[in-house]
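Novice: Okay, here's the prediction I keep looking at, along with the sequence it came from:
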Amino acid sequence: MADVTIDWDRCIHSGMCTTIAGNVFGMGPDARLVVLHPTVTGADLDSVHDAAACCPVDAIAIAVDVVAADG
Amino acid sequence: MRTRRVVVAGGGLAAVRVTEFLRRRGFDGAVVVLGDEPHLPYDRPPLSKDVLTGKSRPQDVTFKDGQAFADLDVELRTGCAVLGLDPVRGVVETVAGRVPYDDLVVCTGARPRPVPWQTPPEGVLVLRTVDDAVAIRAELERRPTVVVAGAGFVGAEVASSARALGLDVTVVEVQPTPLARAVGPLVAAAFVSMHRANGTDLRCGVAVAEVLGRERVEAVRLTDGSVLPCDLLVAGLGVVPNVEWLAGSGLRVDDGVVCDGQLCAGPSNVHAAGDVARWTDPRTGRSARGQQWMVAVEQARHVANRLTGGAPAPFTTGRYFWTHQYGHHFQFAGDAGAREVRVLCGALEADEFVVGYGDGGRLVGVLAKNRSAAFVRAKTAMDRGVAWDDVHATVLG
């Protein structure tokens, strides 16, 4: 399990995260990029890691929940 | 005991991402990176922007520190230029000896096209590496009058950074407009007016014919005969792929390492990614080198998928790029060689716009200036195959 956040000061809205991890990143009601599901598990975690590697400005932070991971 | 060893030739973006994607996919063999530069791997896009303006220091652009490579169990060898390849024995020859591999990923990138002029020893520079950026930054601190040869992405961003420092800048572009191939001729006009609105003297349809000055550049003479006095000439004339080390290897080389649609470079255990890779895009049927940050990352991902047993789908790219010029943020995705071009919102001369490129009844390309949310909407619609006639409503509604 991990918590996903976007650094909005860095984000340039490339939209790569929505392409790669559409379950987690998407467009909000005001038609802006949002983290749809900040707490991520399973296969979504793999796609979030790929999205972070494809982010041109390194704006995606993934904080792995160590307690949950160990438990 | 380890069963497989992946060697990555090159130490840039594609090389680093290959190692990260491999580990992320559970590859537990040995991973060795052979970088030719003495530095830790670093990100190039900030070099022409924040490093030149002094906003970032050279050490700020490294991807991560040496410990992070160790934590990933990746053996990073810096200052280890590759010299040759024997694909039959599975050995890479380097300045520090022979390195055997089970799988090789060629990520040796590209270098600036050599300048076609006789040049004095000082004041004529190119921009590719962090050392190049440090050298140009040092020159800019002396408050020179600047000439930039080439109005492509690198040239335009160098000009933009020099203008941000308040310097006199002239850009010389041999084509009638800058970036015509990247964004199409109609939209390229927007870049012409932007250069000029920001005080850059943009000369199109001419080239630098001669560099004047004995010890240091003093002026350039253009093909139309005009002479521009300057203290610094930065050449942004494109790049050539680093393929010389593959001579005699049997790998096919033709302005890059020739790959199949899977980015396989001939032998089944040799792949390529990044600026050095030439592949045929199944969507366009055109053979090309990527030369964009995102394409390098997408290719690294594809190769890592291949090496970890992923499904053998052909490599495809969204052909995304961004550029930052004169405080304006541009983003593009798709194909600019389309038949129709439509301004979806804003205006080409304004500070904001979204342009759609249409072909075959579909939206096939999007360019946005300072309209990030609309860009993502349009790109998402494009990926879903939105019809050209519905573009306005979908993108703006």
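Specialist: Yep, that arrived. Numbers count the residues shown, from 1 in each chain, chains lettered A, B, ... in the order given.

Novice: Now the phi/psi pair for B:Pro58, please.
Specialist: phi -50, psi -40 (degrees, to the nearest 10).

Novice: Now the residue in chain A positioned nearest to chain B: which helix or strand?
Specialist: Residue nearest to chain B within chain A: A:His13 (3.2 Å; Cβ to the nearest Cβ). (Each C-beta comes from the backbone N, C-alpha and C, glycine too.) For A:His13, there is no enclosing helix or strand under DSSP states H and E.

Novice: Quick check, it in contact with B:Ala374.
Specialist: No: with contact defined as Cβ atoms under 8 Å, A:His13 does not reach B:Ala374; the gap is 9.2 Å.

Novice: returning to that earlier point: and the residue lying closest to the residue of chain A closest to chain B once chain neighbours are set aside, what's its pLDDT?
Specialist: Leaving aside its chain neighbours, A:His13 sits nearest to B:Ser372 (3.2 Å; criterion: Cβ to Cβ, 6 or more residues apart in numbering or on different chains). With respect to pLDDT, B:Ser372 scores 89.

Novice: B:Ser372 contacts B:Gln331, correct?
Specialist: Yes: counting by Cβ under 8 Å, B:Ser372 touches B:Gln331, with 7.0 Å between them.

Novice: what do those two both touch?
Specialist: Contact criterion Cβ atoms under 8 Å, 6 or more residues apart in numbering or on different chains; residues shared by B:Ser372 and B:Gln331: A:Ile12, A:His13.

Novice: where do the helices sit along chain B?
Specialist: B:13-24, B:50-53, B:66-71, B:130-140, B:153-164, B:180-183, B:185-197, B:293-307, B:372-383, B:391-396 (DSSP state H).

Novice: So for B:Arg278, what's the nearest residue that isn't a sequence neighbour?
Specialist: B:Gly256 (3.3 Å).

Novice: Can you report how many residues lie near the one you found?
Specialist: 26 (other Cβ atoms under 10 Å in any protein chain shown).

Novice: gap between it and B:Gly12?
Specialist: 15 Å (Cβ to Cβ, to the nearest Å).

Novice: for B:Asp102, same thing?
Specialist: Taken as Cβ to Cβ, the span from B:Asp102 to B:Gly12 is 22 Å.

Novice: Same question for A:Pro56.
Specialist: 15 Å.

Novice: ok, now B:Leu307?
Specialist: 18 Å.

Novice: likewise B:Gly97?
Specialist: The value you get for B:Gly97 to B:Gly12, if Cβ to Cβ is used, is 22 Å.

Novice: Which one of those two is surrounded by more residues?
Specialist: Legend: neighbour count by other Cβ under 10 Å for B:Gly97 and B:Gly12, higher for B:Gly12 (28 against 8).

Novice: got a list of what the more buried one touches?
Specialist: B:Gly12 sits next to B:Gly35, B:Pro41, B:Arg44, B:Cys107, B:Gly109, B:Gly274, B:Asp275, B:Ala296 when contact means Cβ under 8 Å, 6+ apart.

Novice: if you set the cut-off to 6 Å instead, what comes out?
Specialist: Contact analysis of B:Gly12 by Cβ atoms under 6 Å, 6 or more residues apart in numbering or on different chains lists B:Gly109.
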